[in-house]
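Peer 1: Dropping a prediction and its sequence here:
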Amino acid sequence: MPTTTTVGFDLDMTLIDSRPGIHACYTELSARTGTHVDADLAVTRLGPPLEQELAHWFPAERLTATADLYRSLYPAYAIAATPALTGAREAVAAVRHRGGRAIVVTAKYEPNARLHLDHLGIAPDAVIGDLWAEQKAVALREHGADVYVGDHLGDIRGARAADAHAVAVATGPYTTGELRAAGADTVLADLTEFPAWLDSYLEAAAARA
């Protein structure tokens with residue numbers, strides 16, 4: 001793999017199963033604010049920015065303050081409770097072992113994204129937060145990403161906006177069929193399939209060159 005090749009990864013439900021931690025954080029947020037938040041429902045629709053979920057439960061004038069409170073609670077309630085998804089470490093390592101760069105581009109608040117990765121011992125070359133869907137193309141283009149891996153339809157849109165190969169993993173809210181229908185270039189059941197796919201992708205790229 002040429003050193004200029006970069007693979008981007010989404011975070012929530014791509015590299016990490018953030019549902020237990022986010023559930024705990026919403027439960028605490030609900031207790032602190034006195035406002036009911038259905039944490040079971042909220043964790044079924046991860047991916048978009050935090051404020052979009054909070055808008056289901058809080059009035060517009062409280063969104064900024066509530067988002068700030070949530071993010072302040074997050075390190076204590078969400079980090080330790082969140083495991084890596086199967087194959088996540090190996091997928092990032094596969095890029096590095098082949099001489100490439102692995103970056104994380106996520107809608108999550110960047111400091112909290114870094115806490116997750118540090119806690120789990122996943123060390124990408126760069127972490128860029130606070131970007132969602134087509135906005136992710138800004139970071140993907142800046143880092144010259146050839147591939148972007150995610151679980152959400154927004155990740156597919158972000159990859160396409162950056163002219164990157166869209167790899168979708170069915171570890172989030174969508175089935176393989178839904179991801180394929182949404183325009184993913186490659187659909188994997190999970191990240192355990194990624195290293196072998198990466199080898200075939202690089203071989204095909206070398207043949208074209």
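Peer 2: On my side now, so go ahead.

Peer 1: Show me which positions of whichever strand or helix holds Asp68 end up buried.
Peer 2: In the assignment (DSSP states H and E), Asp68 maps to helix 63-77. Neighbour-count burial for helix 63-77 flags Leu63, Thr66, Ala67, Leu69, Tyr70, Arg71, Leu73, Tyr74, Pro75, Tyr77 (criterion: 16 or more other CB atoms under 10 Å). Where C-beta positions appear, they are placed from N, C-alpha and C, glycine not excepted.

Peer 1: Check the gap between Thr6 and Val169 for me.
Peer 2: Distance, Thr6 to Val169, using CB to CB, to the nearest Å: 18 Å.

Peer 1: When the two are compared, which one has more neighbours?
Peer 2: More neighbours surround Val169 than the other of Thr6 and Val169, with 32 against 23 (other CB atoms under 10 Å).

Peer 1: Contact partners for that one?
Peer 2: Counting by CB atoms under 8 Å, 6 or more residues apart in numbering, Val169 makes contact with Thr14, Val149, Gly150, Asp151, Val187, Leu188, Ala189, Asp190, Leu191, Phe194.

Peer 1: one step back: tell me how far the helix holding Asp68 is from the chain's mean position?
Peer 2: How far helix 63-77 lies from its chain's middle: 19 Å, per CA atoms, centre = their mean, to the nearest Å.

Peer 1: List buried residues within the contacts of Val169.
Peer 2: Among the contacts of Val169, the ones that count as buried (16+ other CB under 10 Å) are Thr14, Val149, Gly150, Asp151, Val187, Leu188, Asp190, Leu191, Phe194.

Peer 1: Make a markdown table out of the residues you listed and add distance to Ala207.
Peer 2: Shown next, in a markdown table, are the buried ones among the contacts of Val169 (distance: CB to CB, whole Å):
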| residue | distance to Ala207 |
| --- | --- |
| Thr14 | 28 |
| Val149 | 22 |
| Gly150 | 26 |
| Asp151 | 29 |
| Val187 | 22 |
| Leu188 | 21 |
| Asp190 | 27 |
| Leu191 | 25 |
| Phe194 | 20 |
